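1. Everything below, folded, please.
(chains A, B and C)
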Amino acid sequence: MIVDYFYPSILAFLIGVLIGYRYRIKLNHFFGYIIISLIIAKFLGAFPYYPFPLSFEFLFSILGIFVGNKLKRDN
Amino acid sequence: MIVMDFQTASFLTAGILIVIGLYGVFFVDNIIKKIIALEILGSGVNLTLISICYNKYIPIKLPNMVNFAQYSAYPLTQALVLTNIVIEASMLAIMLGVSIILYKKYKTLKCSVILKED
Amino acid sequence: MNPKRDLAITLSFLIFGANIIYYLMQIKVNPGVNIIYLKNYIVPNYVTAILFDWRGYDTLGECLVLIVAVMISWIIFGKSLYDNSFLKELFKAPEVGEYITLQRWGEFTLAIKYLSLPLSIFLVGLGIVTILGGHITPGGGFQGGALIAASFILSIIAFGSNSPLWFDHPFLEKLETLGALAYIIIGFLGMIIGGYYLFNFKTIFGLDIFPGPIAAGIIPYLNIAVGLKVLASLSTAIYLLSCEKVIIERIEKSDEILK
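-> Numbers count the residues shown, from 1 in each chain, chains lettered A, B, ... in the order given. Next up is the predicted model:
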């Protein structure tokens, strides 16, 4: 099943939310970070045995950091 | 010109690192420099353990790799080095903290003044 | 110094160093027990297989060593964090040399000022990838946790006490306790299902424990637990070693209030 291949990405998103909640300032330039992390994920490559062209775990961890920073209300 | 293989050269480097660390621990007076020398000694020990297990492949089995067990490096010493690195880091934290307290008490870091020699 | 003791130290150093180099040059390596580890396939990364499957007890003891080191650091520094009245006369000693004080804290170059925040964010992402790929790629819990702690160190060095990434003390305490507790509880689950402590089971009630192309069992969860624990421990050590600056700042503020 294709959903099974995304299980490490979901875990990466959760850990990213856990750490991104700890940033005390409001992070700006969301699309710039996403574009740079797409480039980094392309060169990083997926894990062996996973049939992806790029590393979705890195992309989802950066997304999780921004979502966790958005969840914190008082900054 | 002396030609030696990779493993022997690694062992020689590790031995030289251990001797440099021992020199620092024995003959240098400052406590911070003693701690740096201890770190050099520890990296010499780590290099010895790593170069024991030197072989052709890294111990990770990629798909389509045949006869893996003959060519792979030995994974046990690498696991031991991981343990050693973590314990070194915790020892380093404790040593630096104790040296801060020594500096607060004696206003110096020289062992010859702290131990009241001369 | 005492010349006799100098002579004894020099002689022992020379003999010991020559012996170490001489015997390291002629080591004969014996594979030993490695053959058993290499013939049995568990996960693609054989080092992780040894760390978390064959020798799980060793890794548990290693976690406890880290906890003890952090506790000793708290014993050394904790009093000066919460009760710093006795430090006032000690810090009146004159400053020497090029010691970085709080007055010149923000005076770094533009590269550090603008690059350290994005670099810390990408380092956190790389650490998470390293933790999660511990059973397939080189890496694992220890290395990934050290990477995330490195991003915390970078942020503290660049921005001082108002760094954007800040782990406060209750969070670090909870994270460290959670990591060690998760390791022990996963071990007890193995005892219930397989009969041995830290037994590696791959399916429960017909469902895969870790879905994906590799049936890794409980090894990725142990990686995550160890990663969170190492992250908390190294961050706590750095937090305690860098809190001297915070103490100086508080003392100066209290001096201004008293004047």
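2. Residues in contact with stretch A:9-29: which ones?
-> Residues outside stretch A:9-29 that contact it (C-beta atoms under 8 Å, 6 or more residues apart in numbering or on different chains) are A:33, A:56-69, A:71-72, A:75, C:121, C:124-125, C:128-129, C:131-132, C:148, C:163-167, C:171, C:220, C:224. In this view, the C-beta of every residue, glycine as well, is placed from N, C-alpha and C.
3. One more: stretch A:43-52?
-> Applying C-beta under 8 Å, 6+ apart, the contact partners of stretch A:43-52 are A:5, A:8, A:53-58, B:62-63, C:44, C:129, C:133, C:136-137, C:212-214.
4. how about 7 Å then?
-> Residues outside stretch A:43-52 that contact it (C-beta atoms under 7 Å, 6 or more residues apart in numbering or on different chains) are A:5, A:54, A:55, A:58, B:62, B:63, C:133, C:136, C:137, C:213, C:214.
5. What residues of the lengthiest helix in chain B count as buried?
-> Secondary structure of chain B read by DSSP state H shows that its longest helix is helix B:75-106. Of the residues in helix B:75-106, those buried by neighbour count under the rule 16 or more other C-beta atoms under 10 Å in any protein chain shown are B:75-84, B:86, B:88-97, B:99-100.
6. hang on, the earlier thing: out of the contacts of stretch A:9-29, name the ones that lie in helices.
-> Residues from the contacts of stretch A:9-29 lying in helices, with DSSP H as the criterion: A:33, A:56-69, A:71, C:121, C:124-125, C:128-129, C:131-132, C:148, C:171, C:220, C:224.
7. Show me which of those residues are buried.
-> Burial of the ones in helices among the contacts of stretch A:9-29 was assessed by neighbour count (16+ other C-beta under 10 Å); the buried members are A:33, A:56-66, A:68-69, C:121, C:124-125, C:128-129, C:131-132, C:148, C:220, C:224.
8. What does the nearest residue to residue C:34 once chain neighbours are set aside show for phi and psi?
-> Sequence neighbours aside, residue B:74 is the residue nearest to residue C:34 in space, at 4.0 Å (criterion: C-beta to C-beta, 6 or more residues apart in numbering or on different chains). Dihedral angles phi and psi of residue B:74 (degrees, to the nearest 10) take the values phi -80, psi 120.
9. Could you verify my assumption that residue C:125 touches residue A:59?
-> No: between residue C:125 and residue A:59 no contact is recorded; they are 8.4 Å apart, counting by C-beta atoms under 7 Å.
10. if I read this right, residue C:164 contacts residue C:158, doesn't it?
-> No: using C-beta under 7 Å, residue C:164 is not in contact with residue C:158; the gap is 9.3 Å.
11. in chain B, which segments are predicted with low confidence?
-> Within chain B, the stretches with pLDDT under 70 are B:1, B:117-118.
12. List, one by one, the residues from the stretch 51-200 of chain C near chain A.
-> C:121-122, C:124-125, C:128-129, C:132-133, C:136-137, C:148, C:164-167, C:171 (C-beta under 7 Å from any C-beta of the partner chain).
13. Where does chain A get nearest to chain B, residue-wise?
-> Among the residues of chain A, residue A:48 lies closest to chain B, at 6.0 Å counting by C-beta to the nearest C-beta.
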